[in-house]
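**Q** Pasting the sequence and the predicted model now:
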Amino acid sequence: MNVTVVFRRILMPLAASCAALLLAGAGAAPAFSQTSNSAAPASAGATDVSQFPSLDKLPGKVPPTVWNGLARSWSGAHARWKATASNDVGSVVFLGDSITDGWHTLAADFPKLKVANRGIGGDITSGVLYRLKADVLSLNPVAVVLLIGTNDAGDGASGEDIAGNIQLILTAINSYNPNIKVIVCKVMPRGESNLSAKIQKANSLVEQFVKGRPNFAMCDTWGIYADEQGNPNPQDFNTDRLHLNAAGYAAWKKALDPVLAGLKLE
């Protein structure tokens with residue numbers, strides 16, 4: 001299935017086609033090894049997502065390459081979550097890649113909320129689609145805070161591909177339970193200036209999709225970090241100019257606070 005077909009389907013009613021996405025399973029990293037040049041079919045019937053699948057099993061549009069450490073990161077995260085999953089039911093689930101996974105003060109930063117972290121270092125939008133039901137929807141979350149897409153950009157995906165997969169994630173959540181509230185965080189700026197245009201394109205398309213849809217809200221995690229050239233503010237990022245430092249997480253929390261308050265989750 002090529003990119004054009006995938007993207008056209010996103011712009012059409014997706015209630016029927018997204019049911020399959022619910023049956024399956026983002027940290028940024030610089031190294032690449034596995035390759036894939038075509039969109040994979042939605043995973044049907046996958047209940048155990050503890051091991052990263054072959055790329056042809058991933059739903060949505062798969063980037064041309066993925067980080068060669070993703071399988072190890074993926075299995076380690078699932079091993080940790082297995083012991084705590086029952087305690088995470090009914091949480092606000094933070095879903096994404098290593099930027100989410102690295103938010104170690106999450107519970108302390110949101111003391112009035114029950115939170116669960118479902119970030120995986122190196123994950124991509126297709127990975128989130130694949131593991132969405134097992135890792136997130138099975139917890140019956142009251143809300144999801146989604147940040148995903150920077151690895152897709154680094155792995156060679158276009159802005160349109162990134163936005164298309166994010167829209168599939170949102171549609172799948174809504175199809176599973178339209179009462180789940182979703183905060184979509186914009187893909188953050190990163191050090192490679194050549195990626196700025198595609199990230200901003202993805203953010204713009206997703207924002208257009210979210211606008212006016214009940215229970216969906218945007219959080220501007222681009223504007224709070226980017227300078228006029230689209231580069232990340234150094235005070236908020238580690239030296240890799242990709243992952244947040246303590247000040248960066250404090251800025252993310254500050255941006256999320258009014259959005260969460262507007263959802264009236266407490």
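**A** Happy to help now that I have it. All values derive from a computational prediction rather than experimental measurement.
**Q** where along the stretch 151-266 of the chain do the strands fall?
**A** Along the stretch 151-266 of the chain, the stretches classed as strands by DSSP state E, counting those that start in this stretch are 181-185, 216-219.
**Q** quick one: strands adjacent to the first one?
**A** Spelled out, that is strand 181-185. The strands beside strand 181-185 in its sheet (DSSP bridges) come out as strand 143-147 (parallel), strand 216-219 (parallel).
**Q** For the chain, give me the ranges with low pLDDT.
**A** Residue ranges of the chain with pLDDT under 70: 1-46, 266.
**Q** CA atoms only: put stretch 195-202 into CSV for me.
**A** The C-alpha coordinates for stretch 195-202 follow below in CSV (Å, rounded to 0.1, in the frame of the first residue of the first chain):
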residue,chain,number,x,y,z
LEU,A,195,14.0,18.1,9.9
SER,A,196,12.3,21.3,11.0
ALA,A,197,10.1,21.7,7.9
LYS,A,198,8.7,18.1,8.0
ILE,A,199,8.1,18.3,11.7
GLN,A,200,6.2,21.5,11.4
LYS,A,201,4.2,20.0,8.4
ALA,A,202,3.2,17.1,10.5
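**Q** Can you show me the helices along the stretch 101-250 of the chain?
**A** 106-109, 125-135, 150-154, 159-176, 196-210, 246-263 (DSSP state H, counting those that start in this stretch).
**Q** ok, and for the fourth one, which residues are buried?
**A** Right, helix 159-176. In terms of neighbour count (16 or more other CB atoms under 10 Å), helix 159-176 has its buried residues at 159-176. Just so you know, the C-beta spots here come from the backbone N, C-alpha and C atoms, and that holds for glycine as well.
**Q** Please name whichever of the helices of the stretch 101-250 of the chain is nearest to Pro59.
**A** Closest to Pro59 of the helices of the stretch 101-250 of the chain, according to CB to CB: helix 125-135, at 4.5 Å.
**Q** now for that closest one, which elements pack on it?
**A** Judged by 3 or more CB pairs under 8 Å, 6 or more residues apart in numbering; DSSP states H and E, the packing partners of helix 125-135 are helix 70-82, strand 92-96, helix 159-176.
**Q** quick one: secondary structure of Val49?
**A** coil (DSSP: H, G, I helix; E, B strand; the rest coil).
**Q** can you give me phi and psi for it?
**A** phi -110, psi 20 (degrees, to the nearest 10).
**Q** out of the helices and strands packed on helix 125-135, nearest to Lys264?
**A** strand 92-96 (12.4 Å).
**Q** Between its first and last residues, how far does stretch 212-224 reach?
**A** End-to-end distance of stretch 212-224: 22 Å, with CA to CA, to the nearest Å as the criterion.
**Q** for it, which positions count as buried?
**A** Quick answer for stretch 212-224 (16+ other CB under 10 Å): Asn215, Phe216, Ala217, Met218, Cys219, Thr221, Trp222, Ile224.
**Q** ok, the fifth one - contacts?
**A** Taking CB atoms under 8 Å, 6 or more residues apart in numbering, we find Cys219 in contact with Val145, Ile183, Val184, Cys185, Lys186, Ala255, Leu256, Val259.
**Q** and Ala251, which of the strands paired with strand 181-185 is closest to it?
**A** Ala251 lies closest, by CB to CB, to one member of the strands paired with strand 181-185: strand 216-219, at 11.1 Å.
**Q** quick one: that closest one to chain centroid distance?
**A** 13 Å (CA atoms, centre = their mean, to the nearest Å).
**Q** Also stretch 107-121?
**A** In terms of CA atoms, centre = their mean, the centre of stretch 107-121 is found 15 Å from the chain centre.
**Q** related to what we said a few turns ago, quick one: closest of the strands paired with strand 181-185 to Gly191.
**A** Nearest to Gly191, of those and by CB to CB, is strand 143-147 at 17.3 Å.
**Q** still on that earlier bit, can you check which of the helices and strands packed on helix 125-135 gets nearest to His243?
**A** Per CB to CB, nearest to His243 of these: strand 92-96, 12.1 Å.
**Q** Other residues contacting that closest one?
**A** 26, 100, 103, 106, 110, 113-120, 123, 128, 135-136, 139, 141-148, 185, 260, 265.
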